[in-house]
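Visitor: need a structure here:
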Amino acid sequence: MDYYVKNNDIILHEKDFDLDETLDCGQAFRWKRIESGYRCTYEGNFLNDSLKISEISEKTFVFHNVSEEDFLNKWADYFDLYTDYSELKRQFSEDKTLSEACAFAGGIRLLKQNSWECLISFIISQNNNIPRIKGIIERLCQNYSRFPSAEDMAGITADDLSYLRSGFRGKYLSHAAECVNTGEVNLAEIAAAPIDEARAALRKIKGVGPKVAECVLLFGMYRKEAFPVDVWIKRVLEEYYPDGFPEFAKDNAGIAQQYLFHYIRNKNA
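Guide: Numbering: from 1, shown residues only. Presented below is the predicted three-dimensional model:
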């Protein structure tokens, strides 16, 4: 990781990073692209920590008003900067389709999110579009003046959440808070459990089906073997992998999925 401190900012040089590809690909919903004098700038939040980050030139980024301590202990981990994505892409290049996907969107990185925030976000994401998902999460945060913890939402009912205008998802959010608060679902234990046990435990929460469970495992618990399947990835599997996903990539299948998802959705755009 190549960085230095300049005034109150952190300047990062990272060839395997692109803000648009990473922050606007549907793995997190609390980031907004804003106008600036740079190539691109995003403002957003990880739980209740805010960040403004810009791409100032080719593969050079500025973390605005961030101390070196916060950068190393929080944001470098969040953006998975301690992982060698060049090596991952080299491994993926053994497969023709994955090689093409990595070349198409080589700046995607996995965001290492908080498991509770990720769970709530992906419950809200069901049968929903990104602008509406972002709006619901924004109203939730405005109501609590922060991203609420499970304890904050203890005893909440679907009717109490009517201000979110989240439709059927309100009862699922209520049940998620109940499960976590009562200990029926322990997110820390799930994160460390064997993958099939973790999947089953998450699906005890109403409204958490296979796709949402995989998203929480991948984005909220850094279980890189998790592999969310939606209509786009189903198309990839049917078209390119009728005999199964490459065995050599399965330990990092979730990261491979991110490249494939972006590739299949955008290659003909």
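
Visitor: isn't there a strand covering Val62?
Guide: Yes: counting by DSSP: H, G, I helix; E, B strand; the rest coil, Val62 is part of a strand.

Visitor: burial measure for it, as a count.
Guide: Neighbours of Val62 under the rule other C-beta atoms under 10 Å: 19. From N, CA and C alone the C-beta is placed, and that goes for glycine too.

Visitor: any idea of the mean pLDDT in the longest strand along the chain?
Guide: Secondary structure of the chain per DSSP state E: the longest strand is strand 49-57. Across strand 49-57, pLDDT averages out at 95.

Visitor: What segments of the stretch 101-250 of the chain are helices?
Guide: 115-124, 130-144, 169-182, 187-192, 195-202, 210-215, 221, 231-240 (DSSP state H, counting those that start in this stretch).

Visitor: counting contacts, what elements does the shortest one pack onto?
Guide: So the one you mean is helix 221. When contacts are defined as 3 or more C-beta pairs under 8 Å, 6 or more residues apart in numbering; DSSP states H and E, helix 221 packs onto helix 187-192.

Visitor: What of the first one?
Guide: Based on contacts counted as 3+ C-beta pairs under 8 Å, 6+ apart, the elements that helix 115-124 packs against are helix 130-144, helix 169-182, helix 187-192, helix 210-215.

Visitor: contacting residues around that helix?
Guide: Helix 115-124 is contacted from outside by 28-30, 46-47, 113, 133, 136-137, 140, 147, 149-150, 166, 169, 172-173, 176, 180, 187-188, 190-191, 202, 205, 207-208, 212, 215-216, 219-221, using C-beta atoms under 8 Å, 6 or more residues apart in numbering.

Visitor: which of those are buried?
Guide: 28-30, 46, 113, 133, 136-137, 140, 147, 149-150, 166, 169, 172-173, 176, 180, 187, 190, 202, 205, 207-208, 212, 215-216, 219-221 (16 or more other C-beta atoms under 10 Å).

Visitor: in which helix or strand would I find the closest residue in space to Cys102 that isn't next to it in sequence?
Guide: Nearest residue to Cys102, sequence neighbours excluded (C-beta to C-beta, 6 or more residues apart in numbering): Lys89, at 4.4 Å. Using DSSP states H and E, Lys89 sits in helix 85-92.

Visitor: Would you mark the buried spots in that helix?
Guide: Of the residues in helix 85-92, Tyr85, Leu88, Lys89, Gln91, Phe92 count as buried by neighbour count, 16+ other C-beta under 10 Å.

Visitor: and if you look at stretch 111-131?
Guide: By 16+ other C-beta under 10 Å, the buried positions in stretch 111-131 come out as 111-126, 128.
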